[in-house]
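In: prediction below, plus the sequence it came from.
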Amino acid sequence: EDKVVQSPLSLVVHEGDTVTLNCSYEVTNFRSLLWYKQEKKAPTFLFMLTSSGIEKKSGRLSSILDKKELFSILNITATQTGDSAVYLCAAFNNNAGNMLTFGGGTRLMVKP
Amino acid sequence: EAQVTQNPRYLITVTGKKLTVTCSQNMNHEYMSWYRQDPGLGLRQIYYSMNVEVTDKGDVPEGYKVSRKEKRNFPLILESPSPNQTSLYFCASSLRVQAAYEQYFGPGTRLTVT
């Protein structure tokens, strides 16, 4: 059974801190790893990672994938209160139809 | 504007009373799916559809039905809702199944079954 596990479950930091969110996966026919940010609505897409060791960056957010160890991390530097959200990772596979397996999410709260 | 719409956005109902949550997309997408989201469990796929009249079960299909009679619509039907179906539901669509990583999500439907 495909599985995606995120840690920590929740995290409370202060503005300006740097955080690292973890995502490990065990899926058959793995293709890519996706990160989403979810505030009080539908998830919004952040990154898709397909190759190992290549960092993707968007402003203060960055992410990297390790296909040998089967995990990914999402880093957020100089956190702001607007970064408070649930961060979801999902493994995208080549299985017919049911192609995304989501982790349980990490709830990040950034305090002023 | 390209979008996925869901109705209703909020629903409180009683056990056993049949309900339908509608989902519609205006992007001519082939692939549509339904997810439920529960605390700590992320999004779990209920059903998906790769095109008109082609539907299949996801990870948690028990207690749900779907249909895909038209490309734009993918309603989720709960024939006899139970309290364990209280959840936040998302409909999503993408151009093709292979592009599921580019899914557009609807705004969500918060369902409470008492």
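Out: Good, I have the coordinates.

In: how about B:Ala100, secondary structure?
Out: State at B:Ala100, reduced to three classes by DSSP: H, G, I helix; E, B strand; the rest coil: helix.

In: what residues are up against B:Thr86?
Out: In this structure, B:Thr86 makes contact with B:Leu111, B:Thr112, B:Val113, judged by Cβ atoms under 8 Å, 6 or more residues apart in numbering or on different chains. Using the backbone N, CA and C atoms, a C-beta is placed for each residue, glycine as well.

In: what does the host helix or strand of B:Val21 contact?
Out: B:Val21 belongs to strand B:19-25 when assigned by DSSP states H and E. Residues lying outside strand B:19-25 but in contact with it, judged by Cβ under 8 Å, 6+ apart, are B:3-8, B:11, B:13, B:32, B:34, B:72-78, B:81, B:89, B:91, B:93, B:104, B:106, B:109, B:111.

In: what about B:Gly106, how many residues nearby?
Out: Counted with other Cβ atoms under 10 Å in any protein chain shown, the neighbours of B:Gly106 add up to 27.

In: for A:Cys23, which residues are in contact?
Out: Taking Cβ under 8 Å, 6+ apart as the definition of contact, the neighbours of A:Cys23 are A:Val4, A:Val5, A:Gln6, A:Leu33, A:Trp35, A:Phe71, A:Ser72, A:Ile73, A:Leu74, A:Cys89, A:Gly103.

In: and of those residues, the nearest to chain B?
Out: A:Gly103 (5.1 Å; Cβ to the nearest Cβ).
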